[in-house]
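Visitor: compute the structure for the input listed below.
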Amino acid sequence: MTLPYLVFHVLFTLPPLALVFTTRPQLPARRRLLSTIGVTLMATVAFLYTTPWDNVLIERGVWWYGDGAVVARFWAAPLGEYLFFVLQTVLAGAWLYHVDFDPTPVDGDFAAAPRVVGALAWLATGAAGGVMVFVAGDRWFYLGAILVWAAPIVALQWAVGGTYLLRTWRDWLPAVAVPTLYLWAVDRVAIGIGIWTISEEFSSGFDILGLPVEEATFFLITNVLVVYGLVLFEWVMARWN
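Guide: Have a look, this model is predicted:
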């Protein structure tokens, strides 16, 4: 028997979320509304986009759960997994508004070169993921599946607002870094106590202090997706106004 997935959320996911919410700065009314809409949209998209990908990888045997960790399953994934899709999104979004950012467009934000270069770089990353999935062998399957799934979306984000993202990197970098480092730590704990186990067959074998590089990549790129999505949402709304 191991710690139930839902108890994991009670111990490790909900407390930092409550802390960030109770200490967040007071935003003007319009930005409070936009932040609420943005986080709700991102959580919904994260849930819908991640669900089929996650379940297919579980069915493939890329990871599995310890005895007693799962209370209920829907498709192949446990309830706690679906909660993670939403709670991670809300945590990253709440932290973004804690550190805050300036969504005001400037004339230079519409330059084409950074948007095109960034989008092509991320598309190339997705293509490299495809090679890992279909050519490189099973040990690269998990890492490749992450890149194939996430990189095209980041490419789209850069195509829309890459110049703005490049200009404001000091705003969004800490918004990505802090929840990523925290989730790396708690993911390592969860693996260590057996809540979930990453297949050796489908992973590269490289790790960061015991955390598989695939898991580190997943949490980094998902937080990038959330933060980019939220800052670009406000930037686009400010541009329209």
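Visitor: going forward, measure contacts and count neighbours with C-alpha atoms only.
Guide: Will do.
Visitor: distance check, Ile221 against Thr89.
Guide: Separation of Ile221 from Thr89 (CA to CA, to the nearest Å): 12 Å.
Visitor: who has more neighbours, the two?
Guide: Between Ile221 and Thr89, Thr89 has the larger neighbour count (other CA atoms under 10 Å), namely 26 against 18.
Visitor: next secondary structure after the longest helix along the chain?
Guide: Secondary structure assigned by DSSP state H gives helix 29-60 as the longest helix of the chain. Sequence-wise, the next helix or strand downstream of helix 29-60 (DSSP states H and E) is strand 63-65.
Visitor: who are the packing partners of that following strand?
Guide: On a contact count with 3 or more CA pairs under 8 Å, 6 or more residues apart in numbering; DSSP states H and E, strand 63-65 meets strand 196-198.
Visitor: which elements pack onto the helix or strand that the strand it packs on is followed by?
Guide: Later in the chain than strand 196-198, the nearest helix or strand by DSSP H and E is strand 207-208. The helices and strands touching strand 207-208, judged by 3+ CA pairs under 8 Å, 6+ apart, number zero.
Visitor: strand partners of strand 207-208, parallel vs antiparallel please.
Guide: strand 211-212 (antiparallel) (DSSP bridges).
Visitor: quick one on the thing from earlier: starting at the chain centroid, how far to the longest helix of the chain?
Guide: 9 Å (CA atoms, centre = their mean, to the nearest Å).
Visitor: quick one: mean pLDDT over it.
Guide: For helix 29-60, mean pLDDT rounds to 96.
Visitor: I'd like to know which elements that helix is packed against.
Guide: strand 77-78, helix 79-99, helix 213-240.
Visitor: quick one: low-confidence residue ranges for the protein.
Guide: Scanning the chain for pLDDT under 70 picks out the ranges 1.
Visitor: at 90 instead, please
Guide: Within the chain, the stretches with pLDDT under 90 are 1-2, 21-27, 107, 239-241.
Visitor: for the residue in it sticking out farthest from the centre, give its distance to Arg167.
Guide: Within the chain, Asp107 marks the point farthest from the mean C-alpha position, 29.7 Å out by CA atoms, centre = their mean. Distance, Asp107 to Arg167, using CA to CA: 12 Å.
Visitor: what of Trp140?
Guide: Applying CA to CA, the value for Trp140 to Arg167 is 34 Å.
Visitor: now swap in Val10 and tell me
Guide: 38 Å.
Visitor: which of these two has more neighbours?
Guide: More neighbours surround Arg167 than the other of Val10 and Arg167, with 13 against 10 (other CA under 10 Å).
Visitor: skipping adjacent residues, who's closest to that one in space?
Guide: With CA to CA, 6 or more residues apart in numbering as the criterion, Arg167 has its nearest non-adjacent residue at 7.8 Å, and that residue is Asp109.
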